[in-house]
Every structure is written in structure tokens, then in C-alpha cells.
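In: after the sequence you'll find the predicted model.
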Amino acid sequence: MIQQLIRHKSAHWIFFVLAVLLYGNTLNNQYALDDFAVIFDNSNVNRGFEGIKDILTTNMLHGISGFNDGLYRPVATLTFAIEVGLFGENPTISHLINILLFGGISLLLFKNLKEILPENLLSVAFFATAIYVFHPIHTEVVANIKSRDELFASFFLLGSLWYFIQAVINRKKGAYLFAFLLYSFALFSKESAITYFAVIPLLLWIHPSVKIKQLLMPSAAMLLLSMSFYGLHSYIISSMGRPVDTGLFELLNNPIAGVNDPSIRYGTAFYLQVLYLTKLLFPVELLHDYSYNLIPTISLGTVKGISGLLIIIGLVGSAIYGVIKRNLIGIMAAFYLLGIAVVSQLIIPIGALFAERFLFVPSMAFCVVIAFILNLLLAKKQIVLNLTLAVILFLFGIKTVDRNGDWKNNQTLYAADIVAGGASARINYNYGSTLTQLGNSVRDKVKKQAYYRESAIYLQKAIEIYPEYWDAYNNLGLVYKYNNQLDLAEKVFDLLLKKNPNYTKGYYNQATVQLAAEKGKAALENFIIYSETNPSAQVYSSMGTIAGTLNDFKSARTYFLKVIELEPNNVSAYNYLGTAEGFLGRPAEAIKYFQKATQLDPRNAEAYFNMAISYSQTGNVEKEKAALSEVLKLAPGNQQAISRLRELGN
């Protein structure tokens, strides 16, 4: 019956439906993790259709204050902007698109395998696709909206392969146009697609009718497209106003990025290959982060390092043999190596040490090998084979659906990962920061304080693991502030700024703590330092208010003038300027500012009252009365205005 099902012309739709059903529970999910950076914080995306031009001509996260992440992935980013333009920020729509893309990938995987594998291995195509669809390692990509770049790259890879099959194997020359077009889309989806120029000919080589000379032209053309994309990518990234952010390659993100010892660099990189295969075989503990120090660095001479080296040697040897002999397992070994190469850390260090999403394409090769081995061992025991596959799919399916729920939002994701990921500085930071947000959101004082206390524990743990985790210091200081532990908050910010004087927002947050502790002079000093690199109307306004409370009205006037420079229609600034001029004994100047405030906001009773005081100082009783009358029109119960008018004989 399974053989009949496999041969049915619509069999590929089974996998589309299974994929959609398996990930259907993500439709209830919200935004999580990098979704906020890619969609919420990215002005190129949240401007909708208006941001399309900038998306095509700038790096991926350029819309976050010009941040240069070194990535150029316009395809997925364009779809985010179009979604915002059509539906607003709607996570359900975003998750639906991801699900449909994964369904399409699953469908295409089976169609392609069915075409390139020999007739006697069609069951391998069926089993391999089923394992791929159900494998929990893919939850990060499908359930995380941001990872649509990976989905598109894979979808276009398989779409391109399908048209190359039509062109090369079925001799439909017109299919080349679509094959090259889809390959180009894959490149513009994610940089790792640059190795697909070798992957596609490799997979075509499985088919016994394909000759080497048939692969030369497609390979050369794809290589040319890859080189052209790389040139455009380099141009876009280098033309940005800022260089690629060096923080992407710091110890926190990738512990081996700055390692000079080749033994540690490659020992760790080889060991990562052991971990990747372990995750594929036993996808039990899945995490959103594997940065410092979840995977400690090791030297090449250790058992772990040597094990990884032997695995790579074995894979390379199998790949060479497979290409020469057209051996399926060997070709899949080559496919796996090409898929993992860019992110393996063996060629170049990248901005992340290890991630489950890096296995999204290589896992295709893994699933084919597992299906082939199962078929080889149990070919004559069909019932046992079917039961074995059913058990694998059942266990994988349960894990996938459960893990989808973890990705509902940041709170659920970080809470799920903190147990197994407790050695990661970032997971502790993420969970601690989320607990702070929960504390801020509840009204019950007891619950609020409980969240803050627990948050401090995890933020302290993040600092213990990575003593230069400046954001963790910052958030720890803030949680102490929110919990009204102002002395502790001030000490944390003092320590942070002593260790890293260039952490500018630390000066701002320290100032807010000192302001709450009624240490105005110290707060003003920190605001001044912060304003040197981050001038804003809000900061200058705080500085002016503090200067006023310190009776330094000359400085207050200076700061509020800066506010006006940045925000010419800031009513409060004009009101404060008038007050400062009044205290400086310049009532005529004060009146001008109060008049400007009332012009901008005719219902500002406070500005009219202050204007009345200034008229009183100039001795203009009639205008003082008129201003007080305006106060009473806007605020009939204002006792100060009523009393003053009585004094004036009204």
C-alpha cells in the first residue's frame, strides 16, 4: 500500500499537509527573540511599503539606527515589510507564511528525491521526507518568524533543483531560466546559499542518466551568479555609513572568534560537528542560544576534539568516494558538508558559535541517509520497517509540537530553556530581563517584588558566567531601581561605568537612579556625560529640570534652549524657559516664552498662571488679570488664581 501511495502523482501533497498540521499550533504564537529586531525595531520594515527601497539597498538591520550587521537578505525582509503594509504587525499572518513555506519545502523535497533516486529507492524518498518534516530540529526555523530567510533559501534551493531536473534529466531546456532565477532568489534570501552552486549538480549526479558534461554549464553559471551576488553583497555592506559591528564577533557570541591558538580554535570547531550530529540523532534538549559558555572551548588534543576531526575525515572520505562511485550515502555526506560548511567555524568564524537553524538544509542529507539505512536493514521486514518509522515519527512529532509551544513568546521560550541552558550567559540574561518585564507589568506588590528578586538572581548569574556582560550589569541596576533598592542600583552602575566608561546608556540610567534618590547634582553630572554622545530633547529637559531644583536657573535656561533647538514646538520647554527667566529677574523675557507656550497650547492653564506672575513682576495689573481670567476659564477651581484676583479687586 505504501508503494502505491509513493507512486501516486499527488503523493507530495501528503507532506505539505503534514507539515502544516504539525506546525499549526504556532499560529497562536506571538513574536519572539529576533522577531523584534527584524520587524518591530527595524524602521525599514515597520514603515511597510515605504521601506522597500531601503531594504533593497541596505543591510538587513540598517533600519535600527543604521546598525550594520554585515547581512544582506532582502527577500525575507521585503515580505515582512509587505505584511506590515497589508496587515500591520500581525504575528498570526507571519507564522502562517512560515508554515506554508515549510509545507512547500517538504513537498519539493519529496518531489526532487522521487525524481533523482533510483526506482528501487523510492521508499527512501518517502521515509526521508517524512523524517525531515517531523524532525524537531526544525522548530527554531519554522516557529521563529525571523528565520524566514532560512525558509526562503531552502525553498528556492529545492525549487531551483526541480527545474534543473527538468532541464538536465528531462531535457526541457526552457526550464533553465526558472532554475537560474530561483537560484538567484536563494542567494538573495541568505548568504549561506552561496554553496548551492555545488549542491545542485551534486544532487543531480545521483541520477544514473546524468553525464558530467551536462553539469558543467549549470555549475559554471551558478558559480558566476554566486560571485556576482558576493560582489553586490560586499558593495552594499561596505557602502553603509557604519562598518560591520565588531560586537557580532565578541566572546559572548562566539567564544572562538578571537582565539589565536589554532589548537583551541579548531579543536572546538571540530567538536561542534559532533554536537551537530548528536542533535540530529537525539533532538532532546533544544535551545534558542548556544553562546558563551554553554559550549566551552577545547583543544584539538582532547577526546572531543579528536572525535570531531575523525568525523570530518570520515565525511570527507565518504564524500569523495560517493562522488566518484555515485554512492548515495557518500553524495549525501558531500551534501551535508556543503550545507554546514559556511557555519561550521572550520572555514571562517561567524557571529554565532552554534545554532539549530544551521542544520535546516544539512538535515536533508541526514534524513536521506537514515532512511536509506533503515530501508537497507529492514527491506525484507516491511512491517518492522513501518513500525520503526512510525515510532520515530511519533516521538519526533510529540517533541516538535511541544517545542512549538515554547516559542510562543519570549517569556515561554526563556523559561523553557533556562534549565538545560543554565550555563549560557545569554539565556540567563534573557530570562532575567523577561522576569524584570513581568515585574513591571503586574500591579500586585508582592508578585512584583518576587519577579524582581528572581530577575536579579539570573542577571547576576549572567555576569558570573561572562564578567564583561555590560547589558547584564545595566539590567541588574535597573531591576534594583524598580525594586526601590536605590543604593544597590547606584553601586551596580558605578561598577559598570568603572569597568566600561564607554557604556553610555549606563550614565543615563545611573542619573535616573540618583534622581530618584534625590541626588540631583550627581544625576545632572551623569546626564551631562550622556548628552555629549546622545543629545536629545528628553535628556536636556531632565537636565534643565534638575538645574532648576538646584537653583541654577542660568544653566536651566541653557538646557531648555537646547530642547527648543531640537523640538521647536515643545510647550513644556517654553513654560520652563519662562520660569527660569522669571527667577533670573527677567519677567519681560519670561512673558515671551509663556506667550509662545499658550500659542502652541491655548488650553495650558499653567502657562497662563505663570504669565500672570510675570505681568505682576512688571506691574502690568490689567494683563495680569487677563491672564488669571484665562486660567479660570480653563481651570475654574484654581484657588491661587481666585485668591490673586480677589487681591487685585476682582
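Out: Perfect, I can see it now.

In: helix or strand for the residue nearest to S307 when sequence neighbours are not counted, which one?
Out: Nearest non-adjacent residue to S307, counting by C-beta to C-beta, 6 or more residues apart in numbering: V274, 5.3 Å away. The way it works is simple: take the backbone N, C-alpha and C, and place the C-beta from them, glycine included. V274 is located in helix 262-281, with elements delineated by DSSP states H and E.

In: put the alpha carbons of that helix into PDB.
Out: In PDB, the C-alpha atoms belonging to helix 262-281 read as follows (Å, rounded to 0.1, in the frame of the first residue of the first chain):
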ATOM      1  CA  PRO A 262      44.900  27.100  16.500                       C
ATOM      2  CA  SER A 263      44.500  24.100  18.700                       C
ATOM      3  CA  ILE A 264      41.600  25.600  20.600                       C
ATOM      4  CA  ARG A 265      40.100  27.200  17.500                       C
ATOM      5  CA  TYR A 266      40.000  24.000  15.500                       C
ATOM      6  CA  GLY A 267      39.500  21.700  18.500                       C
ATOM      7  CA  THR A 268      36.300  23.500  19.400                       C
ATOM      8  CA  ALA A 269      35.200  23.700  15.700                       C
ATOM      9  CA  PHE A 270      35.700  20.000  15.200                       C
ATOM     10  CA  TYR A 271      33.800  19.200  18.400                       C
ATOM     11  CA  LEU A 272      30.900  21.300  17.100                       C
ATOM     12  CA  GLN A 273      30.500  18.800  14.300                       C
ATOM     13  CA  VAL A 274      30.000  16.100  17.000                       C
ATOM     14  CA  LEU A 275      27.300  18.200  18.600                       C
ATOM     15  CA  TYR A 276      25.500  18.800  15.300                       C
ATOM     16  CA  LEU A 277      25.200  15.100  14.600                       C
ATOM     17  CA  THR A 278      24.200  14.400  18.200                       C
ATOM     18  CA  LYS A 279      21.400  17.000  17.900                       C
ATOM     19  CA  LEU A 280      20.200  15.300  14.700                       C
ATOM     20  CA  LEU A 281      20.300  11.800  16.200                       C
END
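
In: who does that helix touch, helix- and strand-wise?
Out: helix 303-325, helix 362-378 (3 or more C-beta pairs under 8 Å, 6 or more residues apart in numbering; DSSP states H and E).

In: worst average pLDDT in those?
Out: Ranked by mean pLDDT, the helices and strands packed on helix 262-281 bottom out at helix 362-378, with a mean of 92.

In: OK, contacts around the residue nearest to S307?
Out: Listed by C-beta atoms under 8 Å, 6 or more residues apart in numbering, the contact set of V274 reads 304, 307-308, 311.

In: same question, T558
Out: G544.

In: check the one 4 residues further on too.
Out: Contact analysis of K562 by C-beta under 8 Å, 6+ apart lists 535, 537, 540.

In: so what does it have for phi and psi?
Out: Main-chain dihedrals, K562, degrees, to the nearest 10: phi -70, psi -40.

In: look up how far L215 lies from it.
Out: Distance from K562 to L215, counting by C-beta to C-beta, to the nearest Å: 66 Å.

In: please apply the same query to V571.
Out: In terms of C-beta to C-beta, V571 sits 71 Å off from L215.

In: chain neighbours aside, what residue packs nearest to L225?
Out: Nearest to L225 is S184, by C-beta to C-beta, 6+ apart, at 5.7 Å.

In: separation between the most centrally placed residue in the chain and R148?
Out: Central residue check for the chain by C-alpha atoms, centre = their mean: the C-alpha nearest the mean position is that of D34, 1.9 Å away. For D34, the distance to R148 equals 11 Å [C-beta to C-beta].

In: can you tell me the closest non-neighbouring residue to L280?
Out: In space, L280 is closest to F366, 5.0 Å off (C-beta to C-beta, 6+ apart).

In: that neighbour: what's it in contact with?
Out: Taking C-beta under 8 Å, 6+ apart as the criterion, F366 is in contact with 277, 280, 332, 336, 359.

In: ok, so of those, who is nearest E50?
Out: The nearest member of the contacts of F366 to E50, counting by C-beta to C-beta, is L359 at 36.4 Å.

In: give me the secondary structure label for S291.
Out: The three-state assignment at S291 reads coil, by DSSP: H, G, I helix; E, B strand; the rest coil.

In: one step back: would you list the contacts of V274 in JSON lines and tack on distance to L27?
Out: Formatted as JSON lines, the contacts of V274 follow (distance: C-beta to C-beta, whole Å):
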{"residue": "K304", "distance to L27": "40"}
{"residue": "S307", "distance to L27": "41"}
{"residue": "G308", "distance to L27": "39"}
{"residue": "I311", "distance to L27": "38"}
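
In: out of those, which end up buried?
Out: Among the contacts of V274, those classed as buried by 16 or more other C-beta atoms under 10 Å are 304, 308, 311.

In: which one among those gets closest to N120?
Out: I311 (29.4 Å).

In: if we can go back for a sec, name the stretch among the helices and strands packed on helix 262-281 that sits most buried.
Out: helix 362-378 (a mean of 21; mean count of other C-beta atoms under 10 Å).

In: how far off helix 262-281 does that helix point, in degrees?
Out: Going by axes from the mean of the first three to the mean of the last three C-alpha atoms, to 10 degrees, helix 362-378 is angled at 60 degrees with respect to helix 262-281.

In: orientation of helix 362-378 relative to helix 303-325 in degrees?
Out: Using the same axes, to 10 degrees, one finds that helix 362-378 and helix 303-325 are set 80 degrees apart in direction.

In: centre of the chain versus helix 362-378, how much separation?
Out: Relative to its parent chain, helix 362-378 has a centroid offset of 33 Å by C-alpha atoms, centre = their mean, to the nearest Å.

In: now swap in stretch 542-561 and tell me
Out: On the basis of C-alpha atoms, centre = their mean, stretch 542-561 sits 40 Å off its chain's mean C-alpha point.

In: for the helices and strands packed on helix 262-281, give me CSV that also has distance to I99.
Out: Converted to CSV, the helices and strands packed on helix 262-281 look like this (distance: least, C-beta to C-beta, whole Å):
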stretch, distance to I99
helix 303-325, 32
helix 362-378, 18
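
In: select, out of those helices, the one closest to A143.
Out: That would be helix 362-378 among the helices and strands packed on helix 262-281, by C-beta to C-beta, at 15.6 Å.

In: follow-up on the earlier one: in space, what's closest to the residue nearest to the centre of the chain - neighbours in sequence excluded?
Out: Nearest to D34 is K146, by C-beta to C-beta, 6+ apart, at 4.1 Å.

In: residue contacts, that neighbour?
Out: 33-35, 37-39.

In: looking at those, which one is closest to N404?
Out: L33 (13.9 Å).

In: and that closest one, how many neighbours?
Out: 21 (other C-beta atoms under 10 Å).

In: doesn't Q411 make contact with it?
Out: No - using C-beta atoms under 8 Å, L33 is not in contact with Q411, being 11.5 Å away.

In: what pLDDT does the model give the closest residue to F134 other than its chain neighbours?
Out: Spatial nearest neighbour of F134, excluding adjacent residues (C-beta to C-beta, 6+ apart): F396 at 4.0 Å. Listed pLDDT for F396 reads 96.
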